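Q: Got a predicted structure plus its sequence, pasted below:
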Amino acid sequence: MAQTVFIEAINQAIIEEMRRDENVFMMGEDIRRSVYGATANLLSEFGEKRVLDTPLSENGFFGAAIGASLVGMRPIVETLTSFMWVGMDQLISQAAKMRYMFGGQATLPVVYRASMFYGGGSAAHHSDRSYPMFMNMPGIKIIVPSNPADMKGLLKSAVRDNDPCIVFEDGTLAGMRGEVPENEDLPENELVVPFGQAQMVREGTDCTIVGVAGGVNIAASVSDQLAQEGISVEVIDPRTLVPLDKKMILSSVEKTGRLVITDPAHKVCSAASEIASIVAEEGFWSLQAPIQKVASEQVHIPYTPALEPHVYPDVEKVTAAVRRTLES
Amino acid sequence: MDIDRDLLLLMLRRMWMIRNFELKVMEVHSAGEFAGGAHPYIGEEAVAVGACAALEDTDYIAGNHRSHGHPIAKGGRVDKAMAELYGRTDGYCKGKGGSMHLADYSIGILGESGILGSSVPVAVGAALAASIKGEKFVSLAFFGDGASNQGALHESMNLASVWSLPIIFICENNQYAVTTSYAETVAVEHVSDRASAYNMPGILVDGQDAIAMYEATAAAVSRARAGDGPSLIEGLTYRFEEHSLGLGRVRRGEYRTQEEIDTWRKRDPLDILEQNIIAQGVATREECDDINAETAEEVEKATEFARNSPFPEPSDLFDDMWADPIAFP
Ligand SMILES: Cc1ncc(C[n+]2csc(CCOP(=O)(O)OP(=O)(O)O)c2C)c(N)n1
Ligand SMILES: [Mg+2]
């Protein structure tokens, strides 16, 4: 298997899907010169008609992608989470709602790839981890890959999916290397990861950690460290938040009796909140300790490196949370 | 228009201050002294300095990610600006904002926005307050040619025009948005052409000429103070450096020719203003050089100040979240 960098996995998925289906095209800001790294070599292979550099008009081109998808195209839009606020009207009033409102007549196979650049001194305007806000709005599928192979396989699924998808690309993983299978080694000759199927990252018996996006690596490190003390921690990566594989989470909690969720989004009404509430409602009798959410503090992202790291979940905070569940 | 000698020298001083500040920022950033990004204003100094020279301390400005030039042009402090870039407690925003978000409310700098176009409606709101209260202050919004394509810009210009608000829209047209050229993304030849759609004056100005920027802005400010409504001024300019520090390492391919860059570098706004000042007998070559040296010295001191300022404590994390703090963090 090849070692592939996260950002290259994105590039591979886009190229494969654009080769497979000529209705797939890309649009975004500065993508022809690949300023954000994921769209290298697209222009030379697919040309200007399928690789569009847009004006700085997010509401306009987010909406244009929707319109194109309604009439048979399959657009992939590149943006950053923080620029999505400008295009919220189109994402919510149109992308999320059209199909239902028009009685199923509208089909919107549109993908928004939203990078989340947090943790690098980008300050409040450029550090959003906004997927929970979209979970609150029915109608959008929400993808949160945590490694290069899933990134590739989930993005390919998103392009083929017939509903609006937002792929939240965790910037803290951009340089992460991981094994991505070669296409010829795969049964279908390609890597496609289905939605709604969580992945068991570590097996364990004492406590379950559900990690979201960059939170998965933290959870895996915690599991590895605690294993040395004889504490057995199971780690689950939901991979998609809508749809959410609650079966795997519930059956894990049934086994371990304890749940910690680590989520880089703000803690209030986070993905962690939703997972906690599902387990509280449907898995209550399995629980032997209160559920622990380890998410970002309810404060904006400060620029200074003296404060920023204190906002996010880290190995220390998650370890402490696991220990709290074991106290009871 | 006759420009006061002191005002010309103040403009020159502020332009050198910006230039020397940016040169220092590039130096210390490449030495790894602070981590976040930064967008140099080198080459565009005349736009902000000329425009702000037409304002009073009681007037307001709001700006964008290319954010160091605007506050310095409005009379902001380089020590507090530099300390902000270093993420220190003595920074303008106590280290919470960084390079893209300088602000100084004591002299009407409402803040720089990293989200393009986002601060323009805010500037309109300051002008709305002046109009409601019948006060004489004006508001000025800086935005790029790229941001001129945001819906917020068009909504703001229409709103300001129908309510006849005292605001000046200043487009810093440096002809690129990151790697994307003006011609690829703007449907009109000049951003200022759009003014007619909002029934306000649109003025195209040589953005390398601080005096021209000052004169155009001063006329727009008079108009605004008289209650005659907004204006759109386009300063045609060029950024001499890369879009942001470090970008040259990641992007694929060139987007500006060396020839184009060299041609524009020959129109350095500092040379243009100095030549003018010397020709008018306002100052000698030596006096101009002294201003350069004095500002470089001040930037040097500001950098020492920034380096010696303490970092915030973890317990400062939640400070300034609310005006009336609430119990849950
Ligand atoms: C809403 C939004 N979209 C995209 C960006 C990313 N971005 C930052 S600066 C920039 C280019 C801005 O161009 P322009 O407005 O001309 O200003 P300049 O950088 O040339 O001064 C882009 C696309 C952003 N900050 N905000
Ligand atoms: Mg520009």
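A: Looks like it arrived, so ask away. Numbering: from 1, shown residues only, chains lettered A, B, ... in the order given. Ligands and ions are numbered 1, 2, ... in the order given.
Q: residues near A:Asn189, how many?
A: 9 (other CB atoms under 10 Å in any protein chain shown). In this view, the C-beta of every residue, glycine as well, is placed from N, C-alpha and C.
Q: What helix or strand is the closest residue in space to A:Asn147 that isn't next to it in sequence located in?
A: In this structure, A:Asn147 finds its nearest non-sequential neighbour in A:Gly178, 4.5 Å apart by CB to CB, 6 or more residues apart in numbering or on different chains. Assessed by DSSP states H and E, A:Gly178 sits inside strand A:177-180.
Q: burial of the residue nearest to A:Asn147, as a residue count?
A: Other residues near A:Gly178 come to 19 when the count uses other CB under 10 Å.
Q: ditto for A:Leu186
A: A:Leu186 has 12 neighbours, counted by other CB under 10 Å.
Q: Would you quantify the distance from it to A:Val24?
A: Per CB to CB, to the nearest Å, A:Leu186 is found 20 Å from A:Val24.
Q: re the thing from before, run me through the strand neighbours of the strand holding A:Gly178, direction for each.
A: Note on strand A:177-180: by DSSP bridges, its sheet partners are strand A:2-5 (antiparallel).
Q: Just the buried positions in the strand it pairs with, please.
A: A:4-5 (16 or more other CB atoms under 10 Å in any protein chain shown).
Q: With stretch B:303-323 instead?
A: B:303, B:305-306, B:309, B:312, B:316-317.
Q: and chain A, what are its domains?
A: A:2-185, A:199-327 (automatic domain parsing).
Q: quick revisit: residue contacts, the residue nearest to A:Asn147?
A: For A:Gly178, the contacting residues are A:3-4, A:6, A:9, A:147-149, by CB atoms under 8 Å, 6 or more residues apart in numbering or on different chains.
Q: need the strands for the stretch 101-250 of chain A, in chain order.
A: A:111-116, A:141-143, A:165-170, A:177-180, A:199-202, A:207-211, A:233-237, A:240-242 (DSSP state E, counting those that start in this stretch).
Q: Identify whichever of those lies nearest to B:Trp16.
A: With CB to CB as the measure, strand A:111-116 is the member of these nearest B:Trp16 (37.7 Å).
Q: and chain B, which of its residues are near ligand 2?
A: B:144-146, B:174, B:177 (CB under 5 Å from the ion).
Q: re earlier: can you redo the domains of chain A as CSV, where the extra columns are mean pLDDT and distance to B:Arg256?
A: Shown next, in CSV, are the domains of chain A (pLDDT from 0 to 100; distance: least, CB to CB, whole Å):
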stretch, mean pLDDT, distance to B:Arg256
domain A:2-185, 97, 11
domain A:199-327, 98, 29
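Q: of all those domains, which lies closest to B:Tyr182?
A: domain A:2-185 (10.0 Å).
Q: Now do that closest one: distance to the chain's middle.
A: Domain A:2-185 sits 11 Å away from the centroid of its parent chain (CA atoms, centre = their mean, to the nearest Å).
Q: Does ligand 1 have contacts with it?
A: Yes - residues of domain A:2-185 contacting ligand 1 under CB under 6 Å from any ligand atom: A:29, A:56, A:58, A:83, A:86.
Q: Next, give me the two most distant ones among these.
A: Taking CB to CB as the measure, the residues of domain A:2-185 next to ligand 1 have their most distant pair in A:Glu29 and A:Val86, spaced 11.3 Å apart.
Q: Between these two, which is the more surrounded one?
A: A count of neighbours by other CB under 10 Å puts A:Glu29 above the other of A:Glu29 and A:Val86, at 25 against 22.
Q: Please name the residues that touch B:Asn276.
A: Per CB under 8 Å, 6+ apart, neighbours of B:Asn276: B:8, B:211.
Q: Let me know the helix or strand that it is in.
A: helix B:269-279.
Q: Tell me which residues of the helix or strand following that helix come out buried.
A: Reading on from helix B:269-279 to the C-terminus, the next helix or strand found by DSSP H and E is helix B:285-308. Neighbour counts over helix B:285-308 (16+ other CB under 10 Å) mark B:288, B:291-292, B:295-296, B:298-299, B:302-303, B:305-306 as buried.
Q: Find the closest residue to ligand 2 in the stretch 201-328 of chain A.
A: A:Tyr303 (23.1 Å; CB to the ion).
Q: quick revisit: how about the strand holding A:Gly178: buried residues?
A: Within strand A:177-180, the residues that count as buried by 16+ other CB under 10 Å are A:178, A:180.
Q: State the distance from the residue of chain B at minimum distance from ligand 1 to B:Asp316.
A: Closest residue of chain B to ligand 1, CB to the nearest ligand atom: B:Gly144 (2.2 Å). In this view, B:Gly144 and B:Asp316 are 33 Å apart by CB to CB.
Q: Could you find the closest non-adjacent residue to the residue positioned nearest the centre of chain A?
A: Closest to where the C-alpha atoms of chain A average out (CA atoms, centre = their mean) is A:Val144, at 1.3 Å. Once flanking residues are discounted, A:Val144 sits nearest to A:Ala213: 4.4 Å by CB to CB, 6+ apart.
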